[in-house]
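Asker: Sharing a sequence plus its predicted fold:
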Amino acid sequence: MTEWKSKATKPVMDEGLQYHIRCKKGDIAKFVLLPGDPDRVDLIGAEWDQSRKIANYREHRTFTGKVGKVDITACSTGAGGGSTASAFEELAELGGETFIRVGTTAAIQDYIQPGDLIISSGAVRHDGTSKYYVDECYPASAHYEVTAALVEAAEQLQYTYHVGVSCSAASWYCGQGRKGFRGYDQSFFVNKVEDLRKANVLNFEMEAATIFTLGNLYGLRTGSVCTVVANRITDEFTYGGIEKSVRVANLAVQILAEWDEVKKVKGKKYWVPSMWPKGELIQK
């Protein structure tokens, strides 16, 4: 890479390229999907009507295109809050306004099966990143419009889904109550899964709390839909079904875009169900 210089307080490369995601103004749509795995960006883009690669740097792969008539971007975050926050900051700087996490997750309620979807309404902030933005008592909550659109999309696609609170962990191993290398553990690992289960938390994942917290702090809409690939209570792991969360997120973006148009016509700031007359739903 050629040498470049910038101010250290906010590094920006030539042509306004953002340091982590290597995108610039005009590259990013208002609707942004956030998978963790870079390979899932390709999977998401394959479902769109138009798709083009924008950048691929570190853990951040970015495509922009159209789903239906709606401009859309997908950018991978990598695993965990730190890299997610970097991507979120730069995507927001470039015009992202609505962000939906699209990923996989492990359930901690015995009635949730591998292959089901979990739509997160909020998240326990064990992500290790959001606490550096705001007091730890500040809630990590999804935007109600995004949550409602994800539910509507899952209903239309006839997928089994669950809505509730997730736990965003800072570690896939010890942070989720698993033992570390050579059986390493601490006493507080032992009851972590059971305590969260009793609190009616649905699942473990690693990014929602960061996304929700930053979204609320910055006045942006956020949501999350994940495919269940494991159940920690029944000790099952079945990897597959990621296309379900992808399709729900893509359809939810189209639904949200329609709701936004209805709000604009009616001069309203917030969407309510009565604004969407029966028979006018987007069908996929």
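Answerer: Cool, got the structure. Since we're looking at a predicted model, the values are computed, not measured.
Asker: can we go C-alpha only for contacts and neighbour counts from here?
Answerer: Fine.
Asker: what ranges do the strands span in the protein?
Answerer: Taking DSSP state E as the test, the strands found in the chain are 31-35, 50-57, 60-67, 70-75, 98-107, 117-126, 140-141, 161-169, 203-205, 221-231, 236-237.
Asker: From the chain's centroid, how far away is the second one?
Answerer: Going by Cα atoms, centre = their mean, to the nearest Å, the spacing between the C-alpha centre of strand 50-57 and its chain's C-alpha centre is 19 Å.
Asker: what's the answer for the first one, then?
Answerer: Computed by Cα atoms, centre = their mean, the separation of strand 31-35 from the middle of its chain amounts to 7 Å.
Asker: Find the centremost residue of this protein, please.
Answerer: The residue lying closest to the centre of the chain (Cα atoms, centre = their mean) is residue 101, at 1.1 Å.
Asker: Does it touch residue 208 like I think?
Answerer: Yes: in terms of Cα atoms under 8 Å, residue 101 counts as a neighbour of residue 208; the distance is 6.8 Å.
Asker: quick one: common contacting residues for the two?
Answerer: Taking Cα atoms under 8 Å, 6 or more residues apart in numbering as the contact rule, residue 101 and residue 208 both touch 223-224.
Asker: Could you pull out the buried residues of stretch 196-211?
Answerer: 196-197, 201-211 (16 or more other Cα atoms under 10 Å).
Asker: Do me a favour and get the end-to-end distance for that stretch?
Answerer: Start-to-end span of stretch 196-211 (Cα to Cα, to the nearest Å) is 20 Å.
Asker: swap in stretch 61-79?
Answerer: With Cα to Cα as the measure, stretch 61-79 spans 13 Å from end to end.
Asker: pLDDT of it, averaged?
Answerer: In this model, stretch 61-79 carries a mean pLDDT of 96.
Asker: which residues sit against that stretch?
Answerer: For stretch 61-79, contacts defined as Cα under 8 Å, 6+ apart pick out 21, 27-38, 40-42, 44-45, 47-56, 59-60, 83-84, 87, 206-207, 250, 253-254, 257.
Asker: now with 7 Å?
Answerer: Residues outside stretch 61-79 that contact it (Cα atoms under 7 Å, 6 or more residues apart in numbering) are 28-38, 41, 45, 48-56, 59-60, 83-84, 87, 206, 250, 254.
Asker: Could you give me the buried positions within it?
Answerer: By neighbour count with 16+ other Cα under 10 Å, stretch 61-79 contains the buried residues 61-67, 70-79.
Asker: Low-confidence regions, this structure specifically.
Answerer: By pLDDT under 70, the low-scoring segments of the chain are 1-2, 4-9, 12-13, 19, 277-284.
Asker: mind checking the longest helix of it?
Answerer: Secondary structure of the chain read by DSSP state H shows that its longest helix is helix 242-266.
Asker: For that helix, buried residues please.
Answerer: For helix 242-266, burial by neighbour count (16+ other Cα under 10 Å) applies to 242-260, 263.
Asker: And that helix, how far out from the chain middle?
Answerer: 14 Å.
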